[in-house]
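*Asks:* here is a sequence with its predicted model. Questions after.
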Amino acid sequence: MNIPEFSVKRKITTLMLVLILSAIGILSFFNLGLDMLPDLEFPVVAVVTSYEGVASEEIESGITKLVEEAVGLVKHIKKVTSFSIEGMSVVMIEFEWGTNLDFAAQDVRDRLSMIEEYLPKDADKPIVVKYNPSDTPILIYAVTGFGSDTLNLRTYLDDEIKPRLEGEEGVANVFLSGGKTREINILIDGERLKGYNLSLSQISQVLRYENINISGGHIKEGYREYLLRTPGEYRSIEEIKNTVIGIYNGAPVYLKDIAEVKDTFKEVRSFARVDGKDCVVLGIMRQSGANIVRVSERVERKLKSLKSIMPADVEFAELMNFGTVAKRMVKMTALDVLVGGIITVILLLVLLRSFLPTFVVGLSIPFSVFVTFAGIYAAGYTLNITTMTGLGLGIGMLVSNAIIVMENIFRYMEEGKETDISASAGTNEVMAAILASTLTTVIVFLPAIFVTGITARLIRPIAITVTVSLLASFIAAITLVPMVSSVLFKGKGETLKMAEEKEFGKIKKLYSKSLSYALNHKILFIVPSLVLFVLSMWSLRFVGKEFFPSMDTPMQLFSLRMPVGTTLEDTEYTMSVMEKAFKEPELIHIATTGGVSEGGKTDVAFGG
């Protein structure tokens with residue numbers, strides 16, 4: 001018993017199998033992540049080393065050059081670039097496409113461990129960071145409040161809002177930037193320092209040792225065990241002032257005797273502003289593979305629920321929401337797929353001039369789509385532009401197998417054979433042919449398995465989506481179509497034959513004459529075809545090329561680099577003029593961020 005015959009004779013079993021596969025596909029759809037693009041991993045690793053308070057020349061000679069020489073011995077490196085600014089060294093390492101980035105990053109760490117003893121002792125340990133576009137924030141807010149006191153605002157966000165948002169499902173990290181940061185300044189009087197025979201290194205060492213928590217081991221009491229610790233971190237300014245830093249003439253010397261202790265903020269070297277007000281920028285990072293739309297919606301709901309406990313003047317201005325962008329883009333792509341399916345069904349109805357055959361053929365579309373969702377989920381992909389594009393490519397081909405099977409079933413029924421025999425025999429006769437045609441289409445996408453690098457990240461989801469959808473349409477054509485046909489077309493063979501002769505009789509005669517003419521005048525058709533092919537290949541040189549198509553996002557970014565030596569105040573004034581110039585009714589928010597780097601160079605981002 002072959003598959004079509006089994007489907008006709010075991011209708012209930014076939015129906016249950018189809019429903020099970022459809023249910024799995026529907027469940028997979030609701031568990032699929034939603035994103036704009038597939039998970040891309042560029043072969044770039046950055047080595048970041050911080051050394052606060054040191055000029056760029058010393059950073060370059062003492063850190064950057066050493067790191068460049070060390071990582072230059074790692075295999076598969078394509079290019080190494082670096083830049084040194086005040087207090088920071090960044091070395092960018094670009095590897096060849098296809099390199100395993102996890103192993104490459106580990107090789108970089110191994111090389112850095114060999115030069116750690118040669119780096120400045122006060123410098124932080126080099127950090128190796130892999131570049132991944134999915135690590136960009138999905139939500140960006142500009143937060144204002146506390147009467148433009150960004151020091152208290154940032155403290156409030158860090159203590160009250162950030163922990164609550166990080167507790168939401170799918171949120172990986174919440175970062176804050178801009179605004180003033182708390183800092184305790186100790187202003188030492190040099191004359192008093194000499195008078196007490198003390199040095200700066202002594203004071204620094206005492207403060208470092210006094211501001212730590214120490215473990216005290218554990219104590220056993222009966223069946224219980226208690227952990228001990230000695231809390232020693234400073235909790236107030238008074239504790240810092242009353243720190244004993246030495247002994248002079250048998251009496252203790254306190255820090256307040258030789259220095260002034262101030263609870264203030266770090267030197268302002270950057271600014272962040274929204275709609276002309278000082279602000280703090282809050283960004284939301286999602287976990288890898290999390291549904292970008294669901295995460296953004298959870299964060300928005302959480303912020304709305306926190307409104308009741310926030311100070312009245314604290315406001316969140318949404319600058320960017322990639323969840324909304326992803327939802328709109330995937331929605332538009334899904335709408336295109338849906339419209340394509342509807343047009344296909346309408347075209348079938350126009351050609352077949354009968355509802356029942358159109359209904360039977362149209363059933364293969366949702367079944368194939370549901371199975372494709374299961375395939376996407378099993379492959380670990382998300383619903384994004386690439387997978388939806390693959391589904392859109394497959395929609396037009398999903399019904400071709402069903403149409404061929406349906407046409408052959410009609411032919412058997414027109415010959416007067418029983419419906420069940422027509423459904424099984426008609427499907428079995430063309431099963432090998434439609435399998436061959438399906439595989440010839442699938443084989444076009446098969447080489448994508450061997451593609452490496454970022455191309456593989458973009459092409460493989462399309463290839464897998466098209467392959468699964470076509471194989472699902474083949475399964476539907478040899479199971480679902482004959483089973484449904486054997487139920488709906490009982491006793492309608494003569495009616496179908498009359499309808500076909502009435503609707504397609506003239507078309508058949510016209511096609512027969514056209515085909516005969518083409519076969520008798522081959523040159524008239526072969527030569528123009530070759531000319532058109534050559535012209536089409538030649539015209540490819542005029543087609544533009546780009547890595548990604550342009551995407552419409554509700555945010556425009558501008559970058560401004562001020563002349564060397566420009567102060568932060570002058571930069572802020574320039575940006576205030578730009579804000580007024582760009583102020584239009586269509587803009588919801590205008591946000592600016594900028595800072596002064598080494599040598600007075602300033603980078604400013606402007607968005608709306």
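*Replies:* Noted; the coordinates are in hand.

*Asks:* okay, now the unreliable bits of the stretch 451-600 of the chain?
*Replies:* Filtered on pLDDT under 70, the stretch 451-600 of the chain yields the residue ranges 452-454, 490-505, 546-555, 564-565, 595-600.

*Asks:* can you give me the helices in it?
*Replies:* Under the criterion DSSP state H, counting those that start in this stretch, the stretch 451-600 of the chain contains helices at 453-475, 481-488, 493-520, 522-539, 568-582.

*Asks:* export the ones you listed to a markdown table and tack on distance to L15 and mean neighbour count?
*Replies:* The C-beta positions use only the backbone N, C-alpha and C, and glycine is treated the same way. Listed next are the helices of the stretch 451-600 of the chain as a markdown table, based on distance: least, C-beta to C-beta, whole Å; neighbours: other C-beta atoms under 10 Å:
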| stretch | distance to L15 | mean neighbour count |
| --- | --- | --- |
| helix 453-475 | 14 | 21 |
| helix 481-488 | 7 | 24 |
| helix 493-520 | 24 | 12 |
| helix 522-539 | 46 | 10 |
| helix 568-582 | 62 | 15 |
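
*Asks:* helices of the stretch 151-300 of the chain, residue ranges please.
*Replies:* Counting by DSSP H, counting those that start in this stretch, the helices of the stretch 151-300 of the chain are 162-166, 190-195, 200-210, 237-241, 255-258, 292-306.

*Asks:* now the ones you listed in a markdown table, with distance to M36?
*Replies:* Output for the helices of the stretch 151-300 of the chain, formatted as a markdown table (distance: least, C-beta to C-beta, whole Å):
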| stretch | distance to M36 |
| --- | --- |
| helix 162-166 | 22 |
| helix 190-195 | 58 |
| helix 200-210 | 47 |
| helix 237-241 | 48 |
| helix 255-258 | 54 |
| helix 292-306 | 7 |
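
*Asks:* need those in a markdown table with mean neighbour count, can you?
*Replies:* Shown next, in a markdown table, are the helices of the stretch 151-300 of the chain (neighbours: other C-beta atoms under 10 Å):
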| stretch | mean neighbour count |
| --- | --- |
| helix 162-166 | 15 |
| helix 190-195 | 12 |
| helix 200-210 | 13 |
| helix 237-241 | 15 |
| helix 255-258 | 19 |
| helix 292-306 | 18 |
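
*Asks:* in TSV, list the ones you listed along with mean pLDDT and distance to I247.
*Replies:* Formatted as TSV, the helices of the stretch 151-300 of the chain follow (pLDDT from 0 to 100; distance: least, C-beta to C-beta, whole Å):
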stretch	mean pLDDT	distance to I247
helix 162-166	90	43
helix 190-195	85	14
helix 200-210	85	11
helix 237-241	87	18
helix 255-258	87	12
helix 292-306	88	52
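
*Asks:* and the strands in the stretch 301-450 of the chain?
*Replies:* 315-321 (DSSP state E, counting those that start in this stretch).

*Asks:* thinking again about what came up before, in CSV: the helices of the stretch 451-600 of the chain, plus distance to A317.
*Replies:* CSV is the format used below for the helices of the stretch 451-600 of the chain (distance: least, C-beta to C-beta, whole Å):
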stretch, distance to A317
helix 453-475, 34
helix 481-488, 55
helix 493-520, 62
helix 522-539, 48
helix 568-582, 14
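
*Asks:* out of those helices, flag the one nearest L356.
*Replies:* Of all the helices of the stretch 451-600 of the chain, it is helix 481-488 that lies closest to L356, at 5.3 Å by C-beta to C-beta.

*Asks:* ok, now which ones touch V466?
*Replies:* 390, 393-394, 441-442, 445 (C-beta atoms under 8 Å, 6 or more residues apart in numbering).

*Asks:* F95 too?
*Replies:* Counting by C-beta under 8 Å, 6+ apart, F95 has contacts 43-45, 76-78, 101, 104.

*Asks:* so what's it closest to, chain neighbours aside?
*Replies:* Nearest residue to F95, sequence neighbours excluded (C-beta to C-beta, 6 or more residues apart in numbering): P43, at 3.9 Å.

*Asks:* contacts only, for the one you found.
*Replies:* 78, 94-99, 101, 104, 453.

*Asks:* 6 Å - rerun?
*Replies:* Residues near P43 by C-beta atoms under 6 Å, 6 or more residues apart in numbering: 95, 97, 99, 101.

*Asks:* and the residues you listed, which of them are in strands?
*Replies:* Counted as lying in strands by DSSP state E, out of the contacts of P43, are F95.

*Asks:* re earlier: now the residue nearest to F95: phi and psi?
*Replies:* With angles defined as degrees, to the nearest 10, P43 sits at phi -80, psi 60.

*Asks:* do the same with the one 3 residues further on
*Replies:* With angles defined as degrees, to the nearest 10, A46 sits at phi -110, psi 140.

*Asks:* neighbours around it, how many?
*Replies:* 17 (other C-beta atoms under 10 Å).

*Asks:* so it sits against M92, correct?
*Replies:* Yes. Judged on C-beta atoms under 6 Å, A46 makes contact with M92 at a distance of 5.4 Å.

*Asks:* intersection of neighbour lists for those two?
*Replies:* Contacts common to A46 and M92, judged by C-beta under 6 Å, 6+ apart, are absent.

*Asks:* pLDDT score for the closest residue to I237 other than its chain neighbours?
*Replies:* Leaving aside its sequence neighbours, I237 sits nearest to D263 (C-beta to C-beta, 6+ apart; 5.3 Å). The model reports D263 with a pLDDT of 85.

*Asks:* hang on, D263 packs against S236?
*Replies:* No. The pair D263 / S236 is not scored as a contact, 9.2 Å apart, by C-beta under 6 Å.

*Asks:* how much space between the residue nearest to I237 and E238?
*Replies:* 11 Å (C-beta to C-beta, to the nearest Å).

*Asks:* can you check which of the helices of the stretch 451-600 of the chain gets nearest to F410?
*Replies:* Using C-beta to C-beta, these put helix 493-520 closest to F410, at 5.5 Å.

*Asks:* about what we covered before: so which of the helices of the stretch 151-300 of the chain is nearest S61?
*Replies:* Here helix 200-210 is closest among the helices of the stretch 151-300 of the chain (C-beta to C-beta), at 24.3 Å.

*Asks:* which residues are contacting that closest one?
*Replies:* Outside helix 200-210, the residues touching it (C-beta under 6 Å, 6+ apart) are 243, 245.

*Asks:* over to stretch 178-197?
*Replies:* By C-beta under 6 Å, 6+ apart, stretch 178-197 touches 150-151, 154, 248, 253, 258-266, 272, 280-281.

*Asks:* just the buried positions in it, please.
*Replies:* By neighbour count on 16 or more other C-beta atoms under 10 Å, the buried set for stretch 178-197 is 178-180, 186, 193.

*Asks:* can you tell me which of the residues you listed is nearest I292?
*Replies:* Using C-beta to C-beta, those come closest to I292 at G178, 24.1 Å.
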